[in-house]
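Enquirer: below: sequence and its predicted model.
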Amino acid sequence: MRIDYYIMGDAETETITVDKVYKTNTWRANPDQLLDQFNNGEYYYRVYDALTNKIIYSKGFDNYFREYQTTKPAERGQRKVFQETALIPCPKNPVIFVIARRNDNNILQPIFEKKIDPEDYHIIDQKLPENYVYEAKINGDPHKKVDLLFIGDGYTGKEKRAFKKDVDRYVEYLFDTEPFTSNRKEFNIYGIMPESIEPGVDQPRKQDYKNTALEATFNSLDSPRYLLTENLWDLHDIASQKPYDAICIMVNSKRYGGGGIYNYYCTFTADNERSDFTFLHEFGHSFGGLADEYYSSSVAYSNFYPQDIEPTEPNITALIDPDRLKWKDQLSEGIEIPTDWGKAEYDSMKIDLSELKKEQSQKIDQIKQNQADSKAIDSVKNVYKAQIDTLDQRIEDFILNHPLRDKIGVFEGAGYESEGIYRPTVNSIMKEFIGDRAYNKVSEKAILEIIKYYTQ
Ligand SMILES: [Zn+2]
């Protein structure tokens, strides 16, 4: 059963209302794992039998709305509406469908409930669109496999072959990375390519808009590299053609960017030179429920992880109770907690780098206003390039030659916070795209648990 609802509000308010309920194809997730024990995600769906009040299904997730709530417009009281979709096993008898959200202490509280009778004639059972399908890897019964679905956006009807090749390339990146390498047989992988009228993707800051099937767009939450779609219902219409436990939206563009929201979807562009890293990073969010381990890049959020509250993600901690550290069993022998890693040196390099980049873009804006030609702009870029490259290299050397590079400890700086939030390793794909294309061991273990949830 598919429940489409609106979620709307500003920083302080939140309203949910169900739009439509559908009967969809058979339940493809694992029938032996109907209750989600991960306790991750800002929200949970919970389904109770209406007669006995017994819980029959639950699943944790994050959403776009929650991120919107932390932005400046939301804080100013500007309300925004988002589409959302819940997929639940079709009940035999009437159920209470509940959406729960974490309170200030991260305890889940019901914020919405609706009784749904599966016999209700309002429930829609209709045919949905059919698009080009590519069955990339089939390893067995969808009930006992992770069904991973790549949906292409910004591919026109003439680009089916390109789409297929792109899917194959990302499947290769996936299976070249642990814990996916060791578990490749646990996955079924499909590609679906709705035909977009125009190739590419929206780039609002360039006033460049394209008519694409999913309307994926850069500059989500006014953050230039953040790539998301708000068309959740179209997304689930398109996805319904194949079984899916997780959706990856592959965008036909060369530009750097992506996004990933836990049990929601991830996005990445197919043709950027760092797209392999981006895909695995964003998939780490959407599939693994992993948090960002960086803290020095600018993001749209403010105070995403409040102080003194332990985050729910498996790969970051507020270190409130060191005796109950999430990755206690994986710590390197004799490692100090928290772990001194030369943060001040790293931070000063990162600050210098961001100042340089700021200076450069200010200079470029300045000469653009004076109608400078592209040659003049290039010469400004060249002046800064050498300095930026040198700093980039120093940061890379710092990480690659770090004495604790292979150690698991408790390193301060993660989840957009320089202080008070900690990560398990000096570097990883959830932190910075330097060195190997790999998660750290703590994230690998967390992802493995999720693979088991879908397959065992
Ligand atoms: Zn991220």
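Expert: Happy to help now that I have it. Residues are numbered from 1 along each chain as shown.

Enquirer: who's in contact with stretch 336-355?
Expert: With contacts defined as CB atoms under 8 Å, 6 or more residues apart in numbering, stretch 336-355 is touched by 296, 319, 322, 325, 331, 388, 391-392, 394-395, 398, 402, 404, 407, 409-413, 418, 422, 426. The C-beta positions use only the backbone N, C-alpha and C, and glycine is treated the same way.

Enquirer: from those residues, list the buried ones, please.
Expert: Among the contacts of stretch 336-355, those scoring as buried are 296, 319, 325, 331, 388, 391, 395, 398, 402, 404, 407, 409-413, 422, 426 (criterion: 16 or more other CB atoms under 10 Å).

Enquirer: which of those fall in strands?
Expert: Among the buried ones among the contacts of stretch 336-355, the members falling in strands (DSSP state E) are 411-413, 422.

Enquirer: what's the closest non-adjacent residue to Tyr22?
Expert: Nearest residue to Tyr22 in three dimensions, chain neighbours excluded: Arg2, at 4.3 Å (CB to CB, 6 or more residues apart in numbering).

Enquirer: surely that neighbour and Asp19 touch.
Expert: No. Counting by CB atoms under 8 Å, Arg2 does not reach Asp19; the two are 10.9 Å apart.

Enquirer: so those two - more neighbours on which side?
Expert: Per other CB atoms under 10 Å, whichever of Arg2 and Asp19 has more neighbours is Arg2, with 21 against 12.

Enquirer: contacting residues for that one?
Expert: Arg2 neighbours (CB under 8 Å, 6+ apart): 21-24, 85-87, 236, 240.

Enquirer: among those residues, name the buried ones.
Expert: 21-22, 24, 85-87, 236, 240.

Enquirer: tabulate those (a markdown table), appending pLDDT, secondary structure and distance to Glu273.
Expert: As requested, the buried ones among the contacts of Arg2 are exported to a markdown table (pLDDT from 0 to 100; DSSP: H, G, I helix; E, B strand; the rest coil; distance: CB to CB, whole Å):
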| residue | pLDDT | secondary structure | distance to Glu273 |
| --- | --- | --- | --- |
| Val21 | 97 | strand | 44 |
| Tyr22 | 96 | strand | 41 |
| Thr24 | 85 | coil | 38 |
| Thr85 | 97 | strand | 33 |
| Ala86 | 97 | strand | 37 |
| Leu87 | 96 | strand | 35 |
| His236 | 96 | helix | 32 |
| Ser240 | 93 | coil | 34 |
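
Enquirer: out of those, flag the one nearest to Asn252.
Expert: His236 (20.6 Å; CB to CB).

Enquirer: can you verify my assumption that that closest one contacts Thr85?
Expert: Yes. Between His236 and Thr85 there is a contact at 4.7 Å, judged by CB under 8 Å.

Enquirer: shared neighbours of the two, anything?
Expert: Common contacts of His236 and Thr85 (CB under 8 Å, 6+ apart): 2, 4.

Enquirer: host element of the most centrally placed residue in the chain?
Expert: Central residue of the chain (CA atoms, centre = their mean): Gly260, 1.3 Å from the mean position. Using DSSP states H and E, Gly260 sits within strand 258-261.

Enquirer: are we agreed that Gln393 is in a strand?
Expert: No. Per DSSP: H, G, I helix; E, B strand; the rest coil, Gln393 lies outside any strand segment and is helix.

Enquirer: helices of the stretch 101-250 of the chain, start to end?
Expert: 160-175, 232-239 (DSSP state H, counting those that start in this stretch).

Enquirer: low-confidence regions, the stretch 201-350 of the chain specifically.
Expert: 298-300 (pLDDT under 70).

Enquirer: switch the cut-off to 80
Expert: 297-303, 307 (pLDDT under 80).

Enquirer: again, but for the stretch 1-150 of the chain
Expert: Looking at the stretch 1-150 of the chain by pLDDT under 80, you get 25-26.

Enquirer: check contacts around the spatially closest residue to Asp166 that is not a sequence neighbour.
Expert: Using CB to CB, 6+ apart and skipping residues adjacent in sequence, the residue nearest Asp166 is Ala270, 4.5 Å away. By CB under 8 Å, 6+ apart, the contact list for Ala270 reads 166, 169-170, 250-253.

Enquirer: likewise for Gly257?
Expert: 218, 224-227, 268-269, 272, 278 are the contacts of Gly257 under CB under 8 Å, 6+ apart.

Enquirer: now the two most distant members of those residues.
Expert: Maximum distance among the contacts of Gly257 (CB to CB): 15.4 Å, for Pro224 and Phe268.

Enquirer: so these two - more neighbours on which side?
Expert: Shown here are Pro224 and Phe268; by other CB under 10 Å, Phe268 has more neighbours (27 against 16).

Enquirer: just give the strands next to the helix or strand where the more buried one lies in its sheet, each with its orientation.
Expert: If you go by DSSP H and E, Phe268 is part of strand 265-269. Paired strands of strand 265-269, with direction, are strand 246-251 (parallel), strand 258-261 (antiparallel) (DSSP bridges).

Enquirer: distance to Glu355 for those - can I get that in TSV?
Expert: As requested, the strands paired with strand 265-269 are exported to TSV (distance: least, CB to CB, whole Å):
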stretch	distance to Glu355
strand 246-251	31
strand 258-261	26
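
Enquirer: one step back: give me the buried positions along the strand holding Gly260.
Expert: Neighbour count says strand 258-261 has 258-261 buried, by 16+ other CB under 10 Å.

Enquirer: for that strand, what is the distance to the chain centroid?
Expert: 3 Å (CA atoms, centre = their mean, to the nearest Å).

Enquirer: which residues does the residue in the chain sticking out farthest from the centre contact?
Expert: No residue in the chain sits farther from the centre than Asn370, which is 40.3 Å out by CA atoms, centre = their mean. Asn370 makes no contacts at all, as judged by CB under 8 Å, 6+ apart.

Enquirer: look at it and report its pLDDT.
Expert: We have a pLDDT of 82 for Asn370.

Enquirer: now the one 5 residues further on
Expert: At Lys375, the pLDDT value in this model is 86.

Enquirer: give the helix, strand or coil label for the closest residue to Asp176 other than its chain neighbours.
Expert: Leaving aside its chain neighbours, Asp176 sits nearest to Arg437 (7.4 Å; criterion: CB to CB, 6+ apart). Following three-state DSSP, the label given to Arg437 is coil.
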